[in-house]
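Q: Fold the stuff below for me.
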Amino acid sequence: QVQLVESGGGLVQSGDSLRLSCVASGRTFRDYAMGWFRQPPGKEREFVAAIRQRGGGTYYVEPVQGRFIIFRDNTKATVYLQMNSLKPEDTAVYYCAAGAHTSRIAPQYHYWGQGTQVTVSS
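A: Prediction:
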């Protein structure tokens with residue numbers, strides 16, 4: 001089992017930055033690829049970014065490419081999502097997830113956090 005706890009969400013204005021953190025406990029963090037997903041109000045959960053176990057490969061959904069950065073610190077069992085130039089359409093509950101491989105498909109991740117709310121006002 002892996003337990004994931006996200007933090008860092010909040011209410012910000014358009015153009016601001018936020019850094020989300022996701023701390024893992026349980027099994028060895030470095031064995032897992034990590035992903036960030038989000039669920040906007042009234043919409044389905046969608047892929048945001050993912051990173052390989054050793055951090056060598058990162059993947060992003062097009063709307064956040066160039067604005068968001070996913071990175072991890074395996075010594076702290078933590079994955080981060082640095083979000084810059086935030087837009088109102090980034091408003092969502094953000095979830096981190098752990099899985100065997102990086103994927104854009106939510107069911108391929110085995111473990112999920114409880115989510116953290118990000119609200120961007122215009």
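Q: how about the helix or strand hosting Glu6: buried residues?
A: Using DSSP states H and E, Glu6 sits within strand 2-7. Across strand 2-7, burial judged by 16 or more other CB atoms under 10 Å covers 2, 4, 6. Bear in mind the C-beta positions are built from the backbone N, C-alpha and C, glycine included.
Q: And the pLDDT at the residue nearest the centre of the chain?
A: Per CA atoms, centre = their mean, the C-alpha nearest to the average position across the chain is that of Trp36, at 2.5 Å. As predicted, Trp36 sits at a pLDDT of 98.
Q: hmm, back to that, turn the buried residues of strand 2-7 into CSV, columns for distance to Thr91 and pLDDT.
A: What follows is the buried residues of strand 2-7, written out as CSV (distance: CB to CB, whole Å; pLDDT from 0 to 100):
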residue, distance to Thr91, pLDDT
Val2, 27, 93
Leu4, 21, 97
Glu6, 16, 98
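Q: just the residues you listed now: which is nearest Arg54?
A: Within those, distances to Arg54 taken as CB to CB reach their minimum at Val2, with 17.2 Å.
Q: Pull the number of nearby residues for the spatially closest residue to the residue nearest to the centre of the chain that is not a sequence neighbour.
A: In space, and not counting its chain neighbours, Trp36 is closest to Val48: 4.3 Å by CB to CB, 6 or more residues apart in numbering. When neighbours are defined as other CB atoms under 10 Å, Val48 has 25 of them.
Q: Val48 reaches Met34, doesn't it?
A: No. When contacts are counted by CB atoms under 8 Å, Val48 is not listed as touching Met34 (11.3 Å).
Q: Beyond the strand holding Glu6, next helix or strand please.
A: strand 10-13.
Q: Can you list the strands that that following strand pairs with?
A: Here strand 10-13 is paired, per DSSP bridges, with strand 116-121 (parallel).
Q: And the contacts of the strand it pairs with?
A: Strand 116-121 is contacted from outside by 6-14, 16, 18, 20, 38, 83, 86-94, using CB atoms under 8 Å, 6 or more residues apart in numbering.
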